[in-house]
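[1] 3D, please:
(3 chains)
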Amino acid sequence: MGAGLIRDLGFGAAALVFLLLIPAFGGGAGLNDFLIYVAAYGLLALSLNLLTGYTGLVSFGHAAYFASGAYSFGLLMQSGEVSVPVAFVLSVGFTALMALVIGAICVRLKEIYFAFLTLAFQMMFHSIILTWVSLTGGDQGLMGGIPRPVFWGIDLSGPESFYAFCMVVFVICALILRQIVQSPFGHTLRMIRDNPERAVFLGVNTYWAKLLAFVLAGAIASVGGILLALFASGAYPEFAYWTMSGQAIFMIMLGGSRVFLGPLLGAALLQGLNHYITGWTEHHGLVLGIVIVVAVLGLRRGIADFALDWAQSRRERRDAPADPAPAVSGEKA
Amino acid sequence: MDLDALFGCLSVPACAVTQVSTGLIIGMLLFLVASGLSLIFGVLGVINFAHGAFYMLGAYFALAAYQLTGNFLAALGAGALGMALFGAIFERLFVSRIYGRDVLMQLLLCYAFVLILDDMVKIIWGAEYRMMGMPQSFAVPPLFIAGGPVPPYYLFMIGISVVVGGLLWLGIARTRFGKLVRAAAHNPQMVGALGVNTSLLYASVFGVGSLLAGLAGALAAPVRSLTPGMGLSILIESFIVTVIGGMGSIVGAFVASLLIGLTRSFGSLGFPLFVDGAMFVMMALVLILRPSGLFGRQV
Amino acid sequence: MTRSNAPNPSLAKSSLTPSRRQLLVAAGAGVAVSALGAPFVARGAGAKLRIGMPTILSGRVAILGTSSRDAATLAVNQFNASGGFGGREVELVVRDSKGQPDEAARVTRDLVNTEGCEIIIDAEASSGSFAVNEVVGDLGVLCLHTCSETSALTADPKLRKPTAFRSARQGIHDAVAGGKYAAELAKANGLMKWMTCSPDYAYGRDNTAQFVEYLTIFAPDVEVVNEAWPKLFEPDYTAYVTRVLQVQPDAIYSALWGGDLVSFLEQANLYQIFAGGLQWFSGGLADPPIVNALKQLPEGLHSVFRYDPDYPDSAANKAFYKDFDAISETEPTNWSWQTYTAVQFINQALAATAGNTDGMALAQEVAGATVDSPFTESGTITMRAEDHTIIDYPVAWGRSRPEPKGFQDWERGDWEQILTMEKEWKQRQGYL
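    The predicted structure follows:
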């Protein structure tokens, strides 16, 4: 564990330095915005993958926690009573509590039923946002902007400091997720995914393990929501709509669920393609759709997963040069 | 909450007839779409996320055929059979390539087709609202049943849906094709080992499911405005129906559609603002108490 | 999520080892990733002045975006054909936000920061326009909102941005004009029992509440006996149509618009709800694409002006209709004339600043400006300086005619009265 932690920290620090240097080396405000956007959506996708990829629980309702983070943070800041860090902690805490209540009901169910129940809870949350107009502003969202008072000498109203803030938060959250995945608890989750009977046999309380994963994933998703709320200077009911959860799933599928950073790659790809194609043609749906079809039918798995398989098969071939059979077995079975 | 209005209506025959027929109108179109979704999931294990887009395409096919021929039956045929063909080809060319893969990969593929089809419709038919228009034979005053008005077109629509639903149920319960379909849902290898052409079987199941969505779209074309993206709301309601009724169950889809239809029609009197919420509460309750749905096989 | 009964499970094990073809796809994806950085290289100020336009080009309200874009394109083309200003041409950059507010915010920032747009025309609806408004407040560029009718956007001083304007009709103006028009008919024809049927979202609710407020101010005897709130983009209105049959009101006010209104009226026709003399007052019917889509337009429905090639009956309006028709697949909408007017304000301001695109400099020229307009009875339209919103635009009410489908008997709104009552309303809201 120790060596792994040091390696991860080193990697995280290097990534952070790289991200923070981008503005200095010719990245424009547009690129900064894009990276903030990818960071926010990336946290949504990475945290969802803790459930989907590592625990085998496919949630269709993960955006509820993303939106809960955005709304509670926005409301707390608009109240003018609390500072940014306090609002941050309170929003994450509130979302974790919400995830605990919903998760306690949902994780009893298996497979597709779990997926649909999480979806039902998310749509109820969405209905509440729309109906409780006096608090949430209904379909118009939290209007009037989210104030960003200075805290600890950090002024988030400047674009550079806001960018740096988002990158630091993002890297910390990604490292936390990484540690969860690498910890004994993370291995328990994988065992629950692959062989639940064995997990029970070994004395694992699968219910509590799944619930803990659900709460952790929800909490990290809420941080993504906070970043997006700060970026858009508001929270909107679209954050809690099922299409947002759908996007998160598509990011994971596109990027790959078996490699830790796969979902992040998916987030960058989907947002990047979206950005690029929207700027190029009005018919972005058509083009993006075709790109996805080609990727799905061509690779049949996420891009990072594909790279993983490719690297593994190369290694196997190098180790056993006498047996070339596996390399040509694909496709036509 | 206006429960007085709700109970007041139930005690007046004219009002009760109107609201019940309203529930049937909403419910039966939903049933056609949801039963197709349910059939495809039950047999192929594919969550056809593009099913709402198929409904939309059925409506536009009907519109095109109606503008060309002026014949309403031709429009219905174009919507239903056109989509059956489309669905079968879609299954062979795309879906069949990723059977046995992660279910989410199939979801991603279908999502891609939602994007593609929405854009295609916009390119071909434009972004503006379109209406097929009521066929001449149905452009008549409403009938009165126990004092409650019911337009003849809606009677026709309910009738067709019930007949098609009945045929579907008979087809699956009583015919050889139905037996194969049920067998394939349980044990695909066995069916393949028996020398049945499973490719053809899967394509036809997908075709029948798509036919149902296309027929619903064609039936909706005279009364609902056609726009790109119109499939989204019916897709989510179909999911609710499928979950409540039980995935793969035609009877379940029928009962759940009626339930949703009646909740909408009576809910709009008694608790108009919470109709949507009520549907999701029902769905959550079913999932918690009986995850396989009212009529689904117990897991 | 893996199912034991999925067809051909044997396939699942195959092709774990990537094939050559798959490698090519992966390589393609890799190139795509690295190419993603390219579009963020900021463009310098070029020969052309770029105007950015975030809007909705996909989904159910795509026509909002396409009809706004076409109007802006027409206005920009005309401006360039007349020589631009100082030899510098204007170029329009349109982006689809897909109706997502966070995307609207990002697209707007990107248009300014990366695409080098110096002015923003915000053709977003509802929540998107609030998101764009916040971004514009940050960036300080000139922005004209052309589709948001929510009064608070410009009326509420807390939301107002120094460089943001609204070139669009707004709820409170329509409410006064509509309330007065409806009240006079109610008094003349004894329409005492009213019902409302509007989409259940902020615009639908505010618009309807304000209409009812002014209806009862002008005609205190009328009574609203029932309210129906179908949700936005509801496909089936039968439940609400039959509610009308149960309630049997004398008149209905509805803020339904677009495809929703088309569906409602077609479904209402099946029940022939207009046969018994029921009066319909609509906040959105007289828009040419809606009138076109309807197969049956009943006679005598009332609607506020949205757009009509025959009103005002002027050569300038006819010319606009002809020119628009030449470049667009759809008929002009309410959003079209509003967006066209926005470009007129921008052009006039650019001429006044001699091409200086600084947000505050342009804002000073737009505030209080008056431009010639093909769309108004008076032939001009004014951007009120105090709250950055247009006045003197047409708030007429007319009646439908089935053959040829369209509207007639337009009654001009009384702007003097509207402005007086708007002021009182603002005081009540605490905006003044």
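
[2] Next, give phi and psi for C:Arg50.
    phi -100, psi 130 (degrees, to the nearest 10).

[3] Tell me how many other residues crowd the nearest residue to it once chain neighbours are set aside.
    Leaving aside its sequence neighbours, C:Arg50 sits nearest to C:Cys117 (Cβ to Cβ, 6 or more residues apart in numbering or on different chains; 4.4 Å). The way it works is simple: take the backbone N, C-alpha and C, and place the C-beta from them, glycine included. By other Cβ atoms under 10 Å in any protein chain shown, 25 other residues sit near C:Cys117.

[4] Could you do B:Leu93 as well?
    With other Cβ under 10 Å as criterion, B:Leu93 counts 12.

[5] In a strand, the residue nearest to C:Arg50, correct?
    No: read with DSSP: H, G, I helix; E, B strand; the rest coil, C:Cys117 is coil and lies in no strand.

[6] Contacts only, for it.
    Counting by Cβ atoms under 8 Å, 6 or more residues apart in numbering or on different chains, C:Cys117 touches C:Arg50, C:Ile51, C:Gly52, C:Val93, C:Leu111, C:Val141.

[7] How about C:Arg69?
    So C:Arg69 contacts C:Met53, C:Thr55, C:Leu57, C:Leu92, C:Val94, C:Ala123, C:Thr339 (Cβ under 8 Å, 6+ apart).

[8] Rounded mean pLDDT for whichever helix or strand the last one is part of, please.
    What it means is C:Thr339. Using DSSP states H and E, C:Thr339 sits in helix C:334-353. If you average the pLDDT over helix C:334-353, you get 94.

[9] Which positions in that helix come out as buried?
    When neighbours are counted by 16 or more other Cβ atoms under 10 Å in any protein chain shown, the buried residues of helix C:334-353 are found to be C:334-350, C:352.

[10] so which two of the contacts of C:Cys117 are the farthest from each other?
    The largest separation in these, counting by Cβ to Cβ, is between C:Val93 and C:Val141 at 13.1 Å.

[11] coming back round to it: show the pLDDT at the residue nearest to C:Arg50.
    92.

[12] So for the next helix-or-strand element following the helix holding C:Thr339, what gets flagged as buried?
    Once the chain leaves helix C:334-353, the next helix or strand it forms, by DSSP H and E, is helix C:359-366. In terms of neighbour count (16+ other Cβ under 10 Å), helix C:359-366 has its buried residues at C:Gly359, C:Leu362, C:Ala363, C:Gln364, C:Glu365, C:Val366.

[13] helices or strands up against helix C:359-366?
    strand C:142-145, helix C:334-353 (3 or more Cβ pairs under 8 Å, 6 or more residues apart in numbering or on different chains; DSSP states H and E).

[14] now the longest one and helix C:359-366, what's the angle there?
    By that I understand helix C:334-353. Going by axes from the mean of the first three to the mean of the last three Cα atoms, to 10 degrees, helix C:334-353 is angled at 110 degrees with respect to helix C:359-366.

[15] Tabulate the CA atom coordinates of helix C:334-353 in CSV.
    Only the C-alpha atoms of helix C:334-353 are listed here, as CSV (Å, rounded to 0.1, in the frame of the first residue of the first chain):
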residue,chain,number,x,y,z
ASN,C,334,-42.0,36.2,-32.9
TRP,C,335,-38.3,35.3,-32.1
SER,C,336,-37.4,36.3,-35.6
TRP,C,337,-38.5,39.9,-35.5
GLN,C,338,-37.0,40.3,-32.0
THR,C,339,-33.6,39.0,-33.1
TYR,C,340,-33.7,41.1,-36.3
THR,C,341,-34.4,44.1,-34.2
ALA,C,342,-31.5,43.2,-31.9
VAL,C,343,-29.1,43.3,-34.9
GLN,C,344,-30.6,46.7,-35.9
PHE,C,345,-29.7,48.1,-32.5
ILE,C,346,-26.2,46.6,-32.7
ASN,C,347,-25.5,48.1,-36.1
GLN,C,348,-26.7,51.5,-35.1
ALA,C,349,-24.5,51.4,-32.0
LEU,C,350,-21.5,50.2,-34.0
ALA,C,351,-22.0,53.1,-36.4
ALA,C,352,-22.1,55.5,-33.4
THR,C,353,-19.0,54.2,-31.8
